[in-house]
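J.: Okay, structure incoming, though there's no sequence with it:
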């Protein structure tokens, strides 16, 4: 795993020579040092005005033969590569059989030789991995940028005047002298709406993210690129509808287990120590269970727990670790730990980001990095196998709700929201007090508000957006349309796709790459830890989409995955309600984090994202216990922290 960056051309209004361009490229690379702490390199095409920079985290082939930038044996191509090609051994064997030779043992060299033999698109279709890379074609003077199928590895791109700049993180672009930045107001409001920057834009105008599953070919730094889609989730879904799985559920579980086992196997290839994140939930448990058969000695596992029993899964993780004979390490996350990491979050994530599970993800990454350099995780299990509550609820209730005329539902929604607000959030308060301490409903006000707003959903895409948000107030129609336009949406949804699977598709296109994978990548790479996700192997995903919705989505979610796991562990170790990687942020903001939050919120806001009046209303209601605004307030806090950290 590494960091990449590059400059082609000269920024507007400046006079650059190749020495200055190299210095700028070195500064870009230095800003990515945490992604690649082991080595660095810069390569230039002086005549073309190009500089490619690389920071290396050595995982495969630790020798200098794996160093980058790397040039192909025929001298035509130069590549800087961030990521892993998990099936590089099989691809290498295929290339050797065709007469290709290799200097070292890195997957980067395999990728480069594959491009020489098969071209970029065909090589990427053969490759099973996570990556972003830049490829310079010395023969024709073109630059190719590429990103993996689902967007696990980031790549930011900007054209300013006669210069094209790109990098693994925004901070690399900002390291370019006189790089111009201006906050994109729609992206900023989208952040307030979702807690992340959706789609292909960034927080800064003119800086975009390469679309997952695409290749962009630049013939000149100031010209628009040719974009090629080599893999699309929508096409996977359509192909699955055309060829559904023909066997029974038992046969499906057997085939799925074999696929996941192989996905784990190829992700255990490493020349450095590796471990696994283990929460005790379905996803991380099945990955760890299969990983135990692929590693020598006990598997190293890591988890984060909480003092609050309603959020703590560490005891479940410990039981699973003991059953699998793992060497287990755990730590307890408290409010002091959050405060210790809060100041660094804006620099870790570059853009405003407010999924509060970012905090335990950062801490478990740091915990693991003390012993290993690679970890496997269960990321993607919810999106691939139907694990979110919204998947089940949509599957069960949308077919009934959608037959009620929209104007009736919209009127009922408006009335119910008005009554709930006018009664001092009475129903929210009652829900908050229901159940035992361990089984208490989390964020009842937010959940009730979503249900009431969902009544007015126009279609499934509208419903998905409502369920992703946590804001209390409706946006002006024009702004709402602009923000909705940033979400990646399928060009068409097959008629045979049920409501639950449609929600899964929408999550795979937006929530997965823009929230889950951003969180995993930035938190792990901030400490130089490579994180691999077997459940997001494209073969696993393509197979899962061939299965009937009923085999995936039920009240507990992931029905077929539980059947696979039942063959590995006793059911009592994993048959329990889903908890998720949540943080008791609402309680902490009323208690140990109150003074810190008040100081942050007291620094003032502008109308670009939050108004002072609205935030203080939410703060008062939260402190009085009228409604839990914890996650909404966390967004405001992270926005303010980002502005202070980046001085914008």
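T.: Noted; the coordinates are in hand. Fair warning: this is a prediction, and the values are worked out from it, not measured in the lab. Numbers count the residues shown, from 1 in each chain.
J.: Surely residue 332 is in a helix?
T.: No: Residue 332 is assigned strand when assessed by DSSP: H, G, I helix; E, B strand; the rest coil, not a helix.
J.: surely it meets residue 309?
T.: No: taking contacts as Cβ atoms under 8 Å, residue 332 lies outside contact range of residue 309: 11.9 Å. Yep, even glycine has a C-beta here, placed from its N, CA and C like the rest.
J.: Roughly how far does the residue with the shortest distance to the centre of the chain sit from residue 339?
T.: Central residue of the chain (Cα atoms, centre = their mean): residue 517, 1.2 Å from the mean position. Between residue 517 and residue 339 the computed distance is 26 Å (Cβ to Cβ, to the nearest Å).
J.: low pLDDT regions in the stretch 1-150 of the chain?
T.: Within the stretch 1-150 of the chain, the stretches with pLDDT under 70 are 1, 12-13, 58, 60-63.
J.: how about the helices in it?
T.: Using DSSP state H, counting those that start in this stretch, the helices found in the stretch 1-150 of the chain span residues 18-30, 88-97, 107-118, 120-126.
J.: same question, the stretch 251-400 of the chain
T.: Under DSSP H, counting those that start in this stretch, the stretch 251-400 of the chain gives helices at 282-291, 314-323, 335-342, 345-349, 358-369, 381-385, 389-401.
J.: In a markdown table, list those along with distance to residue 511.
T.: Putting these into a markdown table (distance: least, Cβ to Cβ, whole Å) gives the following:
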| stretch | distance to residue 511 |
| --- | --- |
| helix 282-291 | 15 |
| helix 314-323 | 24 |
| helix 335-342 | 23 |
| helix 345-349 | 16 |
| helix 358-369 | 14 |
| helix 381-385 | 7 |
| helix 389-401 | 10 |
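J.: Mean pLDDT and distance to residue 121 added to these, as a markdown table?
T.: Shown next, in a markdown table, are the helices of the stretch 251-400 of the chain (pLDDT from 0 to 100; distance: least, Cβ to Cβ, whole Å):
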| stretch | mean pLDDT | distance to residue 121 |
| --- | --- | --- |
| helix 282-291 | 95 | 30 |
| helix 314-323 | 91 | 41 |
| helix 335-342 | 92 | 41 |
| helix 345-349 | 95 | 32 |
| helix 358-369 | 96 | 33 |
| helix 381-385 | 95 | 25 |
| helix 389-401 | 92 | 33 |
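J.: So for residue 502, which of these sits nearest?
T.: With Cβ to Cβ, the closest approach to residue 502 among the helices of the stretch 251-400 of the chain belongs to helix 389-401: 7.4 Å.
J.: in that closest one, what counts as buried?
T.: Residues of helix 389-401 classed as buried by neighbour count (16 or more other Cβ atoms under 10 Å): 390-395, 398.
J.: repeat for stretch 291-303
T.: 291-292, 294-295, 299-303.
J.: And the furthest pair within those?
T.: By the measure Cβ to Cβ, 294 and 303 form the most distant pair in the buried residues of stretch 291-303, at 20.0 Å.
J.: Quick one: the strands in the stretch 1-150 of the chain, in order.
T.: 2-10, 39-45, 50-56, 70-71, 77-85, 129-137, 142-147 (DSSP state E, counting those that start in this stretch).
J.: How far away from the center of its chain is the shortest one?
T.: Mean C-alpha position of strand 70-71 versus that of the full chain (Cα atoms, centre = their mean, to the nearest Å) differs by 29 Å.
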